[in-house]
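1. Return atomic coordinates for the entry below.
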Amino acid sequence: MASTERPSWAPDAIDLERPNAARIYDYLLGGAANFAQDRAFAEQLLTMMPEARSAARLNRAFLRRAVRFCVGAGIRQFLDVGSGIPTAGNVHEIAQRMDPSCRVLYVDTEPVAVKHSELMLRDNDRAAAIRADLVDPDSILNSDLARRLLDFDEPMALLLVSMLHFVPDEAGPFEAVARYVSAMASGSYLVLSHGIEIARERADQVGKLYEQSPTRGVGRRFEDVERFFTGLELIEPGLVWTPQWRPESPEDVGDHPESAVIVAGVARKP
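-> Numbering: from 1, shown residues only. Predicted structure coming up:
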């Protein structure tokens, strides 16, 4: 598809000429909801970071395991902020397969992600999607869909998976996460994954590449990511590389889990 051709599912508001993080991630996962500029960007990224595709897939596998853990722990409602474009193994599919009563609210700023989610969920009265920004928690927490799907007096899971590294400190990500956590009942869970700073030379190259995109990456250290869990109880094995979080088999971890470049953790609100 030429970058100037707009498919029927693409909202008029989106700029087809600028790559977007959600659509790049979709391409890395093997999805089809992306455009020529997203694919070109992703291929450039892969020349700088050959592990980017496997990192995306390992991150997605962590999400699946974390959702199953939460359902097993009694959680029946999920708020997935920065949910991205639907692909195989979405949160509602995983959770509702274990218990059909599970409810999911997806949130993203990317119009393609929201449009695809709406289409997928049109016959599912226990899941919905809205377009909103992570750093405006009240617009999400007070939305009509949140009131319909979520009971803030009962435990829930807040999912912030591989998206906070696109939110610079000046936008207030730590304050936003704290606001979500404050709204959740005791016994709720925070499920979070976040890219870790890479070597300076590669970071500079990737940073210049992301200047093409409105969603630029932010390098944070391990201890910076730990701050998002302030006041919460990290579940074993703590904050680790994505394949190390409760792997289904030792082979899933591999000899170099750090090549995942993303750390992940799940924490419980006391």
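
2. can you pull the contacts of the closest residue to residue 228 other than its chain neighbours?
-> In this structure, residue 228 finds its nearest non-sequential neighbour in residue 177, 5.1 Å apart by CB to CB, 6 or more residues apart in numbering. Every residue, glycine included, has its C-beta placed from N, CA and C. Contact analysis of residue 177 by CB atoms under 8 Å, 6 or more residues apart in numbering lists 160, 164, 190, 228.

3. Pick out the most distant pair among the residues you listed.
-> Greatest spacing in the contacts of residue 177, by CB to CB: 164 and 190 (11.2 Å).

4. Quickly list what's touching both of the two.
-> Joint contacts of residue 164 and residue 190 (CB under 8 Å, 6+ apart) are 177, 228.

5. which stretches of this protein form helices?
-> Ranges of helices within the chain are 21-28, 36-48, 52-72, 91-98, 111-120, 137-141, 144-149, 173-183, 200-210, 222-226, based on DSSP state H.

6. The first one to helix 36-48, inter-axis angle?
-> I take that to be helix 21-28. Relative orientation of helix 21-28 and helix 36-48, computed by axes from the mean of the first three to the mean of the last three CA atoms, to 10 degrees: 70 degrees.

7. which helices and strands does helix 21-28 pack with?
-> In terms of contacts (3 or more CB pairs under 8 Å, 6 or more residues apart in numbering; DSSP states H and E), helix 21-28 is packed against helix 36-48, helix 52-72, helix 111-120.

8. which residues are in contact with it?
-> Applying CB under 8 Å, 6+ apart, the contact partners of helix 21-28 are 32-35, 38-39, 41-42, 45, 52-53, 56-57, 84-85, 87, 108, 110, 112-113, 162-163, 166, 213, 215.

9. ok, now the fourth one?
-> Applying CB under 8 Å, 6+ apart, the set of residues contacting helix 91-98 from outside is 63-64, 67-68, 70-72, 76, 78, 80, 83, 102, 104, 106, 121, 124, 126-127, 159.

10. one more time with 7 Å, if that's ok
-> Residues outside helix 91-98 that contact it (CB atoms under 7 Å, 6 or more residues apart in numbering) are 64, 67, 68, 71, 78, 80, 102, 104, 124, 126, 127, 159.

11. Output those residues as CSV; include the columns pLDDT, distance to residue 92 and neighbour count.
-> Formatted as CSV, these follow (pLDDT from 0 to 100; distance: CB to CB, whole Å; neighbours: other CB atoms under 10 Å):
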residue, pLDDT, distance to residue 92, neighbour count
64, 96, 12, 16
67, 98, 9, 28
68, 98, 13, 16
71, 98, 11, 19
78, 98, 8, 27
80, 97, 9, 26
102, 98, 7, 22
104, 98, 4, 29
124, 95, 7, 13
126, 97, 7, 18
127, 97, 4, 23
159, 98, 11, 26
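
12. Listing request: residues of the protein with sub-threshold pLDDT.
-> 1-17, 88, 197-216 (pLDDT under 70).

13. since we're on the nearest residue to residue 153 once chain neighbours are set aside, how many residues are nearby?
-> In space, and not counting its chain neighbours, residue 153 is closest to residue 185: 5.8 Å by CB to CB, 6+ apart. Residues contacting residue 185 under the criterion other CB atoms under 10 Å number 12.

14. Tell me which residues touch residue 132, please.
-> With contact taken as CB under 7 Å, 6+ apart, residue 132 is in contact with 107, 139, 140.

15. show me the contacts for the first one.
-> Neighbour list for residue 107: 80, 81, 82, 83, 130, 132, 140 [criterion: CB under 7 Å, 6+ apart].

16. again with residue 67
-> Shown in contact with residue 67 (CB under 7 Å, 6+ apart): 91, 94, 95.

17. Report the buried members of those residues.
-> Using 16 or more other CB atoms under 10 Å as the burial test, these include 91, 94, 95 as buried.

18. Need these in TSV (columns: distance to residue 145).
-> Shown next, in TSV, are the buried ones among the contacts of residue 67 (distance: CB to CB, whole Å):
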residue	distance to residue 145
91	15
94	20
95	17
